[in-house]
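**Student:** Sequence plus the predicted model coming up.
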Amino acid sequence: MPSQLRRHSSKKMVQNSSSGQTTDQRVGWLRRMVEIRAFEQKVQELFLQGVIPGTTHLCQGQEAVSVGVVSAMRPGDYATVTYRGHGQALALGVPIRSAFAELMGRSTGLCRGLGGSMHFADRERGLLGAFAIVGAGLPVALGAAMSAKFQGSGRVAVTFFGDGATNIGTFHESLNMAAVWKAPIVFVCENNLYGEYSPIGLTTPVNDLASRAGSYGMQSEIVDGMDVAAVNVAAARAVERARAGHGPTLLEMKTYRFSGHSRSDPAKYRPAGELETWKGRDPIKLLNEWLQHQGATTPRAFAQMEQEVQHAVDEAAATAQSDPYPDLEEVYRNVVAS
Amino acid sequence: MSLLAKAHAEVQGPGTVTMTYRQAITAAMQDEMSMDETVVLMGEDVGFPGGVFKTSEGLIEQFGQSRVIDTPICENAFLGVALGMAATGLRPVVEIMFSDFLATGADAMINEIPKFRFMSGGQFTVPLTVRSIGGAAGFGSQHSATAESWYISVDGLKVVTHSSPAAAYRNLRAAIRSDDPILCIEHRGLYSQSGPVFRAPGVELTIGGATVLRRGSDATLVGTMLMVQRGLEAAEQLAQTSGIDVEVIDLQWITPMDIPTVRDSVLRTGRLVVAEEEPHGGGWGALLISKLTQNGVAFAHPPIAVSQLPAPIAFSPPLEALQIPSTQRIVDAITLAAKKGK
């Protein structure tokens, strides 16, 4: 494995900046990241117990991207996410209980148990959907952005996708249209270095995916995706640019997934030491250390936060587990409106 | 006036105007766009060029560039854009220049648009109309498909075809008004045909329903679009030459398919011929015969399918003409069906 695959390297990377961010806000982000981490760990655990069927694609390690970007959005803004989208859904405020119920295929689930792990959608919170086809969410988010532009609602659309999606047609087609139409949209690429089981260098000829924006005359930034504050700063800038009518931005978040691609993947293709290196830059650890350094939290307070979150997650999972399965009627009722 | 237009002249009186099939398409969009400002049209060259087949002439002048949107050539992505628009308060109409290009948009047409509402547990509605233009006219293998049966196995997507100006106007307006995704197939061989169109507020806009265009007692001919026209011609010929009285039905909606109308007819006539401008395998003709059988039609005389020959459409005009069912092939099939019972 070439060494450049093991770590992201870019001199242009946006670093942590504290502009406009309060300590309280950051404590809130920490809690949310801890919640996403605990949720995903619980999902993994429930899988092994056979409580959650099917497959899942977990996002441990990438929490800062979800939390940093969503905290730059306003209520009413739109989002599309991918099959690795639990983190963004929770960041958008999806209740843990209905998320668990959806993963368990229960009638109380976010999508009545019809969607599952790869298809979280929450209309009320602007989550248009999670897409299990790589690249499919980008045009849908662009459509929402065009609605917002047409309606003059001031809303912005944000679409999350992985590094692998930058090689599929809809990525290029969507960036092209968004740039031509000056659409109020932000493209957020979570570059976690692997497309399924393949290291990015085997499938993609450039290291910095943000460079692809250049083909479309689009603004772009490379961001340290393990630093939630840096993510928030870059996202806020892009969201504001979109809202002001100045057009789209491509943000490349340099990040890493601590788990395999899906539940059946032990990720043995990783070079020795790579995971450990990245865990040294765990976004939760980084923010926690920073807050402690600032005197905004203590090891004891952090432990208590973790405990509270864990309790809430465990309780939500247990409650969801006793919820009923949907009736067959639910299937027929939701195919068409009439 | 063509046989088809005559057959469709069911509504007369105030509000009925004569227009071409092409004008009927434009009129349907114009009327819906005037009524509802969330209706937008998008596609390749639909704006100032007025559409490659001139079906959107004048719309950009009337409704402006924010509602008549020219797209780059990228069907899959702009169908996805339309889906996003439909889920967030607009009512987009997308033109796909040739039905063949629907294949480029297959992910949107199969995985995204029809499943969006379902996967969200009914949180979203998708009021999205896709218009695609089909039919062979000397353009060879990649510009000739009607594609009317491509989506038979895709639940969540309705499909309608138009055989006359009246049907085009009515069906397209109904599709735009619907809260569900609907694929409307237009036949470019019919664009310049004229006929009466009831263009008035009382026009009946329904989803689903076949139309009986000619009553008859000896055999039932079911077709769509150009095949309806050829079926009517075949029926006239047979009435004059051999006294066979043919009932002609325009199936119109591939999904949902109107089985009762066809069933009633076949139970009376005892014979069924389907005429399809597409290969028989996996098409609506085969599905119709299967559904009729399952609905208790015990065919005393086996149904006959007159279909496109099982090969890509050839460029050479005489070959193309042989591949698409002709009026004569339909006449022969009905004659054969009628003989069998005698």
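**Tutor:** Here it is on my side, so go on.

**Student:** Next, work out how far apart the residue lying closest to A:Ser338 once chain neighbours are set aside and A:Cys111 are.
**Tutor:** Computed as Cβ to Cβ, 6 or more residues apart in numbering or on different chains, the closest residue to A:Ser338 that is not its neighbour in sequence is B:Asp179, at 6.3 Å. For the C-beta atoms, the positions are set from N, CA and C on the backbone; glycine is no exception. Taken as Cβ to Cβ, to the nearest Å, the spacing of B:Asp179 relative to A:Cys111 amounts to 18 Å.

**Student:** neighbour-wise, which of those two wins?
**Tutor:** Here B:Asp179 and A:Cys111 are set side by side on neighbour count (other Cβ atoms under 10 Å in any protein chain shown), and the busier one is A:Cys111, at 24 against 15.

**Student:** Please identify the helix or strand for that one.
**Tutor:** When elements are assigned from DSSP states H and E, A:Cys111 belongs to no helix and no strand.

**Student:** Contact partners for the residue lying closest to it once chain neighbours are set aside?
**Tutor:** What sits nearest to A:Cys111 in space, not counting adjacent residues and going by Cβ to Cβ, 6+ apart, is B:Gly121, at 3.5 Å. By Cβ atoms under 8 Å, 6 or more residues apart in numbering or on different chains, the contact set of B:Gly121 is A:109-115, A:121, A:330, A:334.

**Student:** What separation do you get for the residue in chain A that chain B sits nearest to and A:Ala242?
**Tutor:** Relative to chain B, the nearest point of chain A is A:Gly143 (2.1 Å; Cβ to the nearest Cβ). For A:Gly143, the distance to A:Ala242 equals 15 Å [Cβ to Cβ].

**Student:** and what of B:Ser194?
**Tutor:** In this structure, B:Ser194 and A:Ala242 are 48 Å apart, going by Cβ to Cβ.

**Student:** okay, these two: which has more neighbours?
**Tutor:** Shown here are B:Ser194 and A:Ala242; by other Cβ under 10 Å, A:Ala242 has more neighbours (26 against 17).

**Student:** helix or strand for the more buried one, which one?
**Tutor:** With elements taken from DSSP H and E, the one containing A:Ala242 is helix A:228-243.

**Student:** re the thing from before, read off the pLDDT value for the residue nearest to A:Cys111.
**Tutor:** Here, the pLDDT recorded for B:Gly121 equals 98.

**Student:** any chance you could read off phi and psi for it?
**Tutor:** With angles defined as degrees, to the nearest 10, B:Gly121 sits at phi 70, psi 30.

**Student:** Spatially nearest residue to A:Ile185 (excluding sequence neighbours)?
**Tutor:** Spatial nearest neighbour of A:Ile185, excluding adjacent residues (Cβ to Cβ, 6+ apart): A:Ala145 at 4.0 Å.

**Student:** who's in contact with the one you found?
**Tutor:** A:78, A:155-157, A:178, A:183-185, A:242, A:248, B:84.

**Student:** can you tell me how far A:Pro139 sits from B:Ala234?
**Tutor:** According to Cβ to Cβ, A:Pro139 stands 44 Å off from B:Ala234.

**Student:** What ranges does chain B have for its strands?
**Tutor:** Shown for chain B, the strands assigned by DSSP state E span residues B:16-20, B:39-43, B:68-70, B:91-96, B:129-134, B:158-161, B:182-187, B:194-198, B:211-214, B:219-223, B:246-250, B:253-255, B:272-275, B:304-306.

**Student:** correction: the stretch 151-300 of chain A
**Tutor:** Counting by DSSP state E, counting those that start in this stretch, the stretch 151-300 of chain A forms strands over residues A:157-162, A:185-191, A:194-195, A:198-199, A:219-224, A:249-254, given from the N-terminal end onward.

**Student:** Could you work out which of the ones you listed reaches nearest to A:Leu291?
**Tutor:** When those are ranked by proximity to A:Leu291, the top entry is strand A:219-224, at 17.2 Å, counting by Cβ to Cβ.

**Student:** Surely A:Arg26 touches A:Thr297?
**Tutor:** No: A:Arg26 is beyond contact range of A:Thr297, at 9.2 Å (criterion: Cβ atoms under 8 Å).

**Student:** Give the intersection of the neighbour lists for these two.
**Tutor:** Listed as contacting both A:Arg26 and A:Thr297 by Cβ under 8 Å, 6+ apart are A:Leu291.

**Student:** which intervals of the chain have sub-threshold pLDDT?
**Tutor:** Since no chain was named, I'll use chain A. Flagging of chain A using pLDDT under 70 yields the residue ranges A:1-19.

**Student:** Correction: the question concerned chain B.
**Tutor:** By pLDDT under 70, the low-scoring segments of chain B are B:1-13, B:340-342.

**Student:** who's in contact with the closest residue to chain A within it?
**Tutor:** Proximity of chain B to chain A (Cβ to the nearest Cβ) peaks at B:Gly84, 2.1 Å away. By Cβ under 8 Å, 6+ apart, the contact set of B:Gly84 is A:80, A:128, A:139-147, A:157.
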